[in-house]
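K.L.:
Got a predicted model here, sequence first, then my questions.
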Amino acid sequence: MIVISIITLNVAPLKITNLAFVNDLMLFSRRDVISVKILMDCLSKFGLVSGLQLNILKSSLYTTGIHGQLLEDILQLTNVPRDSMPFRYLGIPLALGKLKVSCYAPFLDKITTYIGAWNCSSLSYAGKVELIRAVLQGVEYFVLSIFPIPGTIISRIVSHCRKFLWGSKKPLVTWKDLCLLKDEGGLSLKDKSWNLALLAKSLWNIQWIGLACSKRGTISAESRQSAKSGECSEQGA
């Protein structure tokens, strides 16, 4: 069984053809019938060889900038139900433009669910701080390393963590002071600048991956050229 999401958009500048993770496959196509037909033919041939068939009921088609007869032709060709953006992929909401605050509701719900499952009355301040650092900010890490989170969402996260730590009492220490390093008198919790730091790290990783792939391609080309030169030398001998 194959479960896919087909997205038709202008993929030439992106140079992306597919994204795959375990049993989730996302395929990209140009916004024309010929390109979509080639994609569907490849899926059909793959099914004949492997025995894996496309599960239409669990697959979705997403389109951008396609209307009228062209859209009808593509829908008829794929026979895959059309869905709308934003949608979730690996737990992350994907959209064409900037995400609305409402798109982060599942993210906030996940944090409040964790807090609701803990018995605050039996936890010390040290225990609560460790849960915030290890669990709640661990949940944040995944999302904050992908998106620049709106200030409204970060403020709500801090509010949930602050209420969990102090309960109904008035905060004994400001959150800003708790985010200071331990050497500076804080508890090394994360503040809003963490989001920018994680995004910078992701961009750095992407840059290094691009350099590694480029270097690998150069090495492969040099290897092929060396092998070809060796064959010519042997033939000349």
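P.N.:
Done, it's in.
K.L.:
any chance you could map the strands in this structure?
P.N.:
4-8, 18-21, 24-29, 60-63, 87-89, 92-94 (DSSP state E).
K.L.:
Which of those strands comes out lowest on mean pLDDT?
P.N.:
Lowest mean pLDDT within the strands of the chain: strand 4-8, at a mean of 54.
K.L.:
and the residue with the shortest distance to the centre of the chain, what does it touch?
P.N.:
For the chain, Ile92 is the residue whose C-alpha lies nearest the centre (CA atoms, centre = their mean; 5.3 Å). Residues near Ile92 by CB atoms under 8 Å, 6 or more residues apart in numbering: Val143, Ile146, Phe147. (C-beta placed from N, C-alpha, C; glycine too.)
K.L.:
Quick check: ChimeraX command selecting the buried ones in the residues you listed.
P.N.:
Paste this into ChimeraX to select the buried members of those, with burial taken from 16 or more other CB atoms under 10 Å:
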select :143,147
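K.L.:
and of the contacts of Ile92, the nearest to Lys128?
P.N.:
Val143 (21.8 Å; CB to CB).
K.L.:
Distance of the closest one relative to Ile153?
P.N.:
9 Å (CB to CB, to the nearest Å).
K.L.:
Repeat that for Ala105.
P.N.:
10 Å.
K.L.:
Look at these two and report which has more neighbours.
P.N.:
Ile153 (21 against 12; other CB atoms under 10 Å).
K.L.:
what's the domain layout of the protein?
P.N.:
Domain assignment of the chain by automatic domain parsing yields the ranges 4-84, 101-191.
K.L.:
Turn those into a markdown table, including distance to Leu203.
P.N.:
Conversion of these to a markdown table gives the following (distance: least, CB to CB, whole Å):
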| stretch | distance to Leu203 |
| --- | --- |
| domain 4-84 | 16 |
| domain 101-191 | 10 |
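K.L.:
hey, least reliable of these by pLDDT?
P.N.:
domain 4-84 (a mean of 78).
K.L.:
mind checking how far that domain is from the chain centre?
P.N.:
Relative to its parent chain, domain 4-84 has a centroid offset of 19 Å by CA atoms, centre = their mean, to the nearest Å.
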